[in-house]
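> Return a 3D structure for these sequence lines:
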Amino acid sequence: MSNPVIEELIKYYESQGLTLEEMSNMSESDWKELPGQDGNPLNIIPKMALKAKAKQYKDSKIPSISSASQIRIKQLEEEKEALLKASRTKFIELEKLDKVKVEKSRRKVRISEFISFAWDITTRALRDVQKMISDLKVLGTTLDICFCIDGTGSMGGIINSVKQCIVQVSDKISLSTGMNCRFALVVYRDYCDGEMRTQVWDFTDSSALSSYLGEVNAYGGGDTSEDCFGGLLASIERVRWASPSKAIVWMGDAPQHGTEYNGGFDDSHSAGDPSGVTTSMIFKKLNEKNIVLVFCKLASFTDAMIAQMKLEVVPYGDNIFLQYNLEGDMATFLTITMHTTASMTAGYDSHKHHKLGKEKDYTLTHATWKIDPLWNTEEECKILSFKAFDGGDMHPLLDLLMDGAGVSERKSKINITNNPFEKGEMRLAYLGKITEKGGYFKKEVKKGVVKESRYEGRHNSRKVLIDQAHVQAVAQFMAEEFTIALKNISVTKKVMYVPVEILHIPSRSSGKNYFSLEPYLEGKYIKFNNNNGFVNKEIEAMHPLLQTFTHFTYHYTSGILMVVDVQGVINDEYYKLTDPAIHTADSKKILRDPTNLGTGGMSAFFASHVCNRFCQILKLKRPEELDTSTPMETSRKNGSLEVIDEEEAWSTFEEEA
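Okay, here's the model as predicted:
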């Protein structure tokens, strides 16, 4: 008769996934570590009873065999083992010979591929150095800002304040962003104001801008609505844009003509702009010239106009149209607005927005980490992780660039919030709690951020997400190499990129079941630089290592690539970063991505980068200092990429093979 206590214990273990059959095959160390229902080590008496039950179960599965039969079976098994041993020895000898031949052939082909790849991208990188040097000589600016201002009578009360603050801020913006800036000015009024309807002053420096503003007076404007679109069109077409980063800062207190924009206020042209200017024309031209439009809200009269324009910009990508509301004093407001705009004016592929497709419906919702109705129920999932290969005699960075990252997969469970808590230029971010197995019956719960594209279509496909993870894996490798370099000069601060993984939830419908997954970053999020020359100078003064990191990636790879758009959080021990952009010597063949601006992006960085003491200690080279006569090697020595010719590469292979 069975003991009810032991039977109850067996049922408990089965509910935890440990069956009596599995117990029958457990080792002594497994039995020793087996916990009881209270989580403490299982007492010796129930443990002995369980062992007996497991043995009884195992014996019951072995059929009764006669002694003679058992002796014969044992003899046959010994004979079989002897034959297997002999054949195995012979097979291993043959296999070793074959492996040497196959491995030698495989490595020879592989090294040939690497040499060709290395020569191609390095030659291209070094060839483009001369163009970069030329670009740097003529690249007198890296940021163009055109102020587009309502100059009608309704602005009389604040126009002088606006003018004074623009002068103050324009003097400081270069210092705070690291970008050499030019400024243009467009003042618009209304159709009834004749020659003074639109005034245009072309790009110049901040001192000349001050004299331009001195000529501006607030007058004119027949009704409440104004010729806003005429002013925007002039800002796009009648000034000479030249810098890689471009922004129009639009300031006004009245809406555009037209019933969909005027908010019900007085409008003599309720049918719309009599010249036929539309938002479609404006947004198309902004896209063509890669200009970001920023509206500075000064009064509530413009609310209906901005709401309508936000709907109309969607087909063109709403990250070309931003809005900031006036809070506090005007100078502080403008400083923050222009600084933030400068950080966001990353160059982008002008065709990218037309390929994005329809934006998803979503509502940004704040959620806590407590599971409540704001969270989905727990779902089974698979998580794909990526890491650079270590090619042994071949440099892992080249392997990573050439073939992508190594992929591993594990099963897990996850809870995700119903709604995103944040949105970026391209993606929505959700909170995620990942539950993974630990030791015996233990579970580890991790905080994560689950990201998906804001747009319908292929953007959340496995392939696109793997391409994005590829970029992060390269940045992660470069951060590891930089940390090694810092350690060599006795700097203990670590620079690291959070690992980006791919989340697959099989139960969700096709096309909506792949996401990117990152650890949740605790702390204040900071952008240190962008991909088009912006540098957060206020932060750089306290944390110069991040600009050194970008310079290091260029130097380390002999101009093949540069990691930019450096952003993340700061800890006492490390900088923890995410969402990088990478410029490459050949942006059409290596790490193809809209944020990869190639050597143009590299030039923008060096136009604003001032080498600091860490650049000097590490002896980092600028473009004009690179040796354009020698390409890069395929092997790894002392953690850096060194020059080697093809004959030396082959001889190294022959010696090692």
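
> tell me which helix or strand of the chain sits lowest on mean pLDDT?
helix 646-656 (a mean of 36; mean pLDDT, DSSP states H and E).

> where are the low-confidence patches of the stretch 501-650 of the chain?
627-650 (pLDDT under 70).

> again, only using 80
The model of the stretch 501-650 of the chain has pLDDT under 80 over residues 511, 586-589, 594, 626-650.

> Could I get the full set of helices for it?
Taking DSSP state H, counting those that start in this stretch as the test, the helices found in the stretch 501-650 of the chain are 537-542, 545-556, 598-608, 613-617, 646-656.

> how much space between residue 609 and residue 57?
Residue 609 sits 71 Å away from residue 57, going by Cβ to Cβ, to the nearest Å. Using the backbone N, CA and C atoms, a C-beta is placed for each residue, glycine as well.

> who's more crowded, the two?
Each of residue 609 and residue 57 has its neighbours counted (other Cβ atoms under 10 Å); residue 609 has more, 20 against 15.

> would you put the C-alpha positions of stretch 593-609 in CSV?
The C-alpha trace of stretch 593-609 is given here as CSV (Å, rounded to 0.1, in the frame of the first residue of the first chain):
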residue,chain,number,x,y,z
ASP,A,593,20.3,51.5,-43.9
PRO,A,594,18.6,54.9,-44.4
THR,A,595,20.7,56.3,-41.6
ASN,A,596,24.0,55.2,-43.3
LEU,A,597,25.1,58.5,-45.0
GLY,A,598,28.5,57.0,-46.1
THR,A,599,31.5,59.3,-46.3
GLY,A,600,29.3,62.3,-46.3
GLY,A,601,28.2,61.5,-42.8
MET,A,602,31.8,60.9,-41.8
SER,A,603,32.7,64.3,-43.1
ALA,A,604,29.9,65.9,-41.1
PHE,A,605,31.3,64.3,-37.9
PHE,A,606,34.8,65.6,-38.5
ALA,A,607,33.5,69.0,-39.4
SER,A,608,32.2,69.4,-35.9
HIS,A,609,34.6,67.1,-33.9
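
> For the nearest residue to residue 197 once chain neighbours are set aside, give me its contacts.
Counting by Cβ to Cβ, 6 or more residues apart in numbering, residue 197 lies nearest to residue 189, which is 5.5 Å off, once chain neighbours are set aside. By Cβ atoms under 8 Å, 6 or more residues apart in numbering, the contact set of residue 189 is 150-152, 196-198, 219-221, 226-227.

> Format those as TSV; extra columns: secondary structure, neighbour count and pLDDT.
As requested, those are exported to TSV (DSSP: H, G, I helix; E, B strand; the rest coil; neighbours: other Cβ atoms under 10 Å; pLDDT from 0 to 100):
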residue	secondary structure	neighbour count	pLDDT
150	strand	27	91
151	coil	28	90
152	coil	25	89
196	helix	14	89
197	helix	19	91
198	strand	19	93
219	coil	13	84
220	coil	18	84
221	coil	22	80
226	strand	30	91
227	coil	28	92
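
> nearest to residue 417, of these?
Distance to residue 417 across the contacts of residue 189 (Cβ to Cβ) is lowest for residue 150, with 41.1 Å.

> what sits against that closest one?
Contact analysis of residue 150 by Cβ under 8 Å, 6+ apart lists 187-189, 226, 228, 231, 251-254.

> Return the subset of those lying in helices.
Of the positions in the contacts of residue 150, 228, 231 sit in helices, assigned by DSSP state H.

> Look up phi and psi at the most centrally placed residue in the chain.
The centre of the chain sits closest to residue 579, judged by Cα atoms, centre = their mean, with a distance of 1.9 Å. When read as degrees, to the nearest 10, the backbone of residue 579 gives phi 50, psi 60.

> contacting residues for it?
Residue 579 neighbours (Cβ under 8 Å, 6+ apart): 424, 472, 565, 567.

> how about stretch 172-187: buried residues?
Buried residues in stretch 172-187, counted by 16 or more other Cβ atoms under 10 Å: 172-174, 176-187.

> what's the average pLDDT for it?
Averaging pLDDT along stretch 172-187 yields 82.

> what's the span of that stretch from first residue to last?
Start and end residues of stretch 172-187 are separated by 22 Å (Cα to Cα, to the nearest Å).

> circling back to that earlier point, right, and the pair among the contacts of residue 579 with maximum separation?
Most distant of these, by Cβ to Cβ, are 424 and 472, 14.6 Å apart.

> ok, these two, which is more surrounded?
Of the pair residue 424 and residue 472, residue 472 is the one with more neighbours under other Cβ under 10 Å, namely 23 against 12.

> Report the separation between that one and residue 314.
For residue 472, the distance to residue 314 (Cβ to Cβ) stands at 28 Å.

> Over to residue 14: give its phi and psi.
phi -60, psi -40.

> ditto for residue 203
Here is the backbone geometry of residue 203 (degrees, to the nearest 10): phi -60, psi 140.

> In stretch 254-266, which of the residues would be classed as buried?
Of all the residues in stretch 254-266, those buried under the rule 16+ other Cβ under 10 Å are 254-258, 260-263.

> Going by distance to residue 602, which of those residues wins?
Closest to residue 602, out of all of the buried residues of stretch 254-266 and judged by Cβ to Cβ, is residue 256, at 40.0 Å.

> Please tell me the pLDDT value assigned to that closest one.
We have a pLDDT of 94 for residue 256.

> beta partners for it?
With DSSP bridges as the criterion, residue 256 is bridged to residue 226.

> Contact partners for it?
The contact partners of residue 256, by Cβ under 8 Å, 6+ apart, come to 225-229, 262, 273, 305.

> Likewise for residue 496?
Contact partners of residue 496, counting by Cβ under 8 Å, 6+ apart, are 476, 479-480, 483, 574-577.

> Domain parsing of this structure, as residue ranges.
Domain assignment for the chain by automatic domain parsing gives 4-60, 139-345, 379-651.

> Now, the contacts of residue 150 that are in strands?
Secondary structure from DSSP state E places 187-188, 251-252 of the contacts of residue 150 in strands.
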